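K.L.:
just a sequence and a predicted model for now, questions to come.
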Amino acid sequence: MIAENVHGMLFGNISDGLYSAYVSAATISRRSAYVVTRKRIKEYFDGVVVAVAEFEGLTGERLIVSQPGEIFYEPELRQVLGKLRNVRLKSLHCLYEKSCGGIIFFKTRQNVKILLVKNNNGRYWSFPKGHIEEGETEQETAIREIKEETGLDVTLVNHFREISEYCPFGKIRKRVVFFLARAFTDNVKIQEEEIDSYIWVDLQQARKLCSYDNDLRIIEKAETTIHLMRN
């Protein structure tokens, strides 16, 4: 399943921002769905599939649909779908994922080092990150994930927030929010369940090791911000 555009018809208002509907598309026959929205919605509507869910007490999968331009991530969807009566969410496969992480730097008198990591089975160097959890702010997620994956306590630099968006294999659409994070030690203790290896490098080496345009753009922004810092 991909984030496909659908046409739909409402047949029930479950709670504020949550509706039951039938939807169809070129590759989707008429199917039951739940519509999650922050906007007013008409009886006949256009939408996009944002998740596929299974519920205890219901047979088969249910499409989760939002209106065009609206994006919902797993924590928010779980919260909204928790309003359903007499059924319980069994599984949720989201077609939009949001993660938060950090470009971690360690500054000495001689130079500035950037921390790069490789995830387990990963082929490319990048930055620590992880999925946002229910009730967390983006900053809280970044700090927690950095601590879990590297063992580092960090301070986030004010007014630095960069977004990387991509769609691997043409399916799940991923958004990663990166903050610039200052570490006060380079003593890394990796989370072996998630991280395969790590390396501290200078900014020039970081540009050589990172492959993706988004990462290179973020490194450039980080370098500019670090150079403007007084200490």
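P.N.:
Arrived safely, thanks for sending. Numbering: from 1, shown residues only.
K.L.:
what about residue 142, which helix or strand?
P.N.:
Using DSSP states H and E, the element containing residue 142 is helix 138-150.
K.L.:
buried stuff in that helix?
P.N.:
Under the neighbour-count criterion of 16 or more other CB atoms under 10 Å, helix 138-150 has 138, 141, 142, 143, 145, 146, 149, 150 buried. To be clear about C-beta, it is placed using only N, CA and C from the backbone, and glycine gets the same treatment.
K.L.:
so what's the backbone phi/psi at the spatially most central residue of the chain?
P.N.:
Taking CA atoms, centre = their mean, the centroid of the chain lies closest to residue 98, which sits 1.2 Å from it. For residue 98, the backbone dihedrals are phi -120, psi 130 (criterion: degrees, to the nearest 10).
K.L.:
over to the one 3 residues further on?
P.N.:
Dihedral angles of residue 101 (phi, psi; degrees, to the nearest 10) stand at phi -160, psi -170.
K.L.:
so the protein: which segments form each domain?
P.N.:
Domain ranges of the chain: 5-94, 98-228, per automatic domain parsing.
K.L.:
could those domains go into CSV alongside mean pLDDT?
P.N.:
CSV is the format used below for those (pLDDT from 0 to 100):
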stretch, mean pLDDT
domain 5-94, 92
domain 98-228, 92
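K.L.:
partners of residue 91 in the sheet?
P.N.:
Here residue 91 sits in beta bridges with residue 54, as judged by DSSP bridges.
K.L.:
was I right about it contacting residue 53?
P.N.:
Yes: with contact defined as CB atoms under 8 Å, residue 91 counts as touching residue 53 (6.7 Å).
K.L.:
among the two, which residue is more densely surrounded?
P.N.:
A direct count of neighbours by other CB atoms under 10 Å for residue 91 and residue 53 places residue 53 higher, at 22 against 10.
K.L.:
I'd say the more buried one and residue 88 touch.
P.N.:
No: look at residue 53 against residue 88 with CB under 8 Å: they stay out of range, at 10.8 Å.
K.L.:
list the buried residues for the one helix or strand residue 218 maps to?
P.N.:
Taking DSSP H and E as the definition, one finds residue 218 inside helix 213-228. Using 16+ other CB under 10 Å as the test for burial, helix 213-228 gives 214, 215, 218, 219, 222, 223, 225, 226.
K.L.:
of these, closest to residue 201?
P.N.:
residue 219 (10.4 Å; CB to CB).
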